[in-house]
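Undergrad: Below are the sequence and a predicted model; questions follow.
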Amino acid sequence: MRGVSLPAHQFSRYAETYLQSPNRERDPAQSAIVHSLQVACRSYTRVVLRLRAQAEADARAMGAAGVSPTSAQRGLPSVKSTTSVNNVPVGKKTFSRSSSRAPSPTSSFNHSHSGHGIGIAYAHSRSGSVPAPTAMVGFHSPLFRVRRAPLLQVFVPSPEGDWLSDRSVLECENELRRAGVQHLLRPGDVVWDTAVGDEGNVGRMVWDGGYLIDLDYTYSRAGDLPKYLPTLAFPPSYFHRVIRTMGSGNPICHIDIAPWGEEIAANLQLLQDRMKMETPQGGHHMVVRWVHRSSFTIRPSGSGKPVRIAVPRDVGPGPGPGGAWLVDPGWYGTVVVEAEGTNEGLADLQARCRGAFPPRVAGAIVGLSPDRLAREEEQKSVFRILREKSRPGEIWIRTVTTKERLLPP
């Protein structure tokens, strides 16, 4: 299948050759190549979505068998976090992690296991007794990972270059219809137009439940998750390596922390923190900075029902039943919030909590346009996920201020 065997850069080369052809629409050879690549991308997309259905069916079967996918994946006992919010040890390590970047608390099926479907490894004892199950083998595929966003492919040559025009985006949606997968798409699925190249996030869009939408370039030249998709509805590592993050590797997320404002106010402290900084010569040195740090806990509802997320009216239907937006279980646990250790950083954090702190003397807002007020309200939900500090059951986020914007407000 060309969608797997053909290198990614070859798609853009064929598209460039096709666009540079003077009579490309009348050239049967060029038209045949484009058609074959479009068919290959449609087939690839169908395969990926079928793999997702298979992986989720396996996970449900393992749940019905009373086996936790997480325990089957790791084969390790669960341990409490060894890093407290305020640098106070709260537990003792029982094993070391090979990577400082941990998966989400409920992400399942590590790539260290192989095989499709569910398998049980049996080992005969020396006495020849009845074999007993020893380990569960989870779903494994190089094309799809459970609780990660699928990367679907379309092939639409873009005469406008890397930035797709409205017409090209509509043609990408038509390609999904021709593949017969539109009814299988979910909010958060990433679609990549392979014809425009594979540099950064070029050609990548996100399905919002009804349409393909562009990435948000407000804080990154590579693009981040659009603000129309609530981050809490997806596992913390859902878009990792699917939507690439440049620089520090800490992606932008959009979270409304106001419902936990009182808990944040009760846990807030001003602390010194050590961090590694890079010098212009390429070296690193440790610096000490002041940070405002707090935490809150996301818990499942007492009735066992999923926790709903309040979203604006212009947000499309969610992946939950009836189009609802629900908090993903991967966020259950402690969420640590950091802000700058300045008066401005404290004021920004307090504004995000909306009334949980005593009122402060604020500047006059009379005369601000409704658009400006709406932008300031959107700014209150912008954070970065700190991957190096995050781990299962403990996700660290940092406030993002207007100083980090690349586009003017």
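TA: That came through, no problem. Here the structure is a predicted model, which is why all the values come from computation and not from measurement.

Undergrad: where along the stretch 151-300 of the chain do the helices fall?
TA: 166-179, 261-267 (DSSP state H, counting those that start in this stretch).

Undergrad: Need those in a markdown table (columns: mean neighbour count and distance to G330).
TA: Quick note: C-beta positions are derived from backbone N, CA and C, even for glycine. As requested, these are exported to a markdown table (neighbours: other C-beta atoms under 10 Å; distance: least, C-beta to C-beta, whole Å):
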| stretch | mean neighbour count | distance to G330 |
| --- | --- | --- |
| helix 166-179 | 16 | 27 |
| helix 261-267 | 17 | 20 |
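
Undergrad: Looking at the ones you listed, which is nearest to R60?
TA: helix 166-179 (25.4 Å; C-beta to C-beta).

Undergrad: Residues contacting that closest one, please?
TA: 38, 41-43, 45-46, 152, 154-156, 158, 160, 164, 182, 185, 191, 193, 205, 211-212, 214 (C-beta atoms under 8 Å, 6 or more residues apart in numbering).

Undergrad: Mind putting the helices of the stretch 151-300 of the chain into a markdown table with mean pLDDT and distance to V34?
TA: Formatted as a markdown table, the helices of the stretch 151-300 of the chain follow (pLDDT from 0 to 100; distance: least, C-beta to C-beta, whole Å):
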| stretch | mean pLDDT | distance to V34 |
| --- | --- | --- |
| helix 166-179 | 96 | 12 |
| helix 261-267 | 95 | 54 |
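
Undergrad: chain center to the host helix or strand of E376: distance?
TA: For E376, the element it lies in under DSSP states H and E is helix 370-379. Using C-alpha atoms, centre = their mean, to the nearest Å, the distance from the centre of helix 370-379 to the centre of the chain it belongs to is 24 Å.

Undergrad: So for stretch 300-320, first residue to last residue, what's the gap.
TA: With C-alpha to C-alpha, to the nearest Å as the measure, stretch 300-320 spans 15 Å from end to end.

Undergrad: What of stretch 338-348?
TA: For stretch 338-348, the end-to-end distance is 11 Å (C-alpha to C-alpha).

Undergrad: Quick check: buried residues in that stretch?
TA: Of all the residues in stretch 338-348, those buried under the rule 16 or more other C-beta atoms under 10 Å are 338-341, 345-346, 348.

Undergrad: From the residues you listed, which land in helices?
TA: Counting by DSSP state H, the buried residues of stretch 338-348 place 345-346, 348 in helices.

Undergrad: Format those residues as JSON lines; extra columns: pLDDT and distance to E404.
TA: Converted to JSON lines, these look like this (pLDDT from 0 to 100; distance: C-beta to C-beta, whole Å):
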{"residue": "G345", "pLDDT": "94", "distance to E404": "13"}
{"residue": "L346", "pLDDT": "94", "distance to E404": "18"}
{"residue": "D348", "pLDDT": "94", "distance to E404": "12"}
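
Undergrad: now, among these, which is nearest to I264?
TA: When those are compared against I264 (criterion: C-beta to C-beta), the nearest one is L346, at 11.7 Å.

Undergrad: From Q350, how far off is the residue lying closest to the closest one once chain neighbours are set aside?
TA: Leaving aside its sequence neighbours, L346 sits nearest to H292 (C-beta to C-beta, 6 or more residues apart in numbering; 5.4 Å). Per C-beta to C-beta, to the nearest Å, H292 is found 9 Å from Q350.

Undergrad: Same check on I397?
TA: Distance from I397 to Q350, by C-beta to C-beta: 16 Å.
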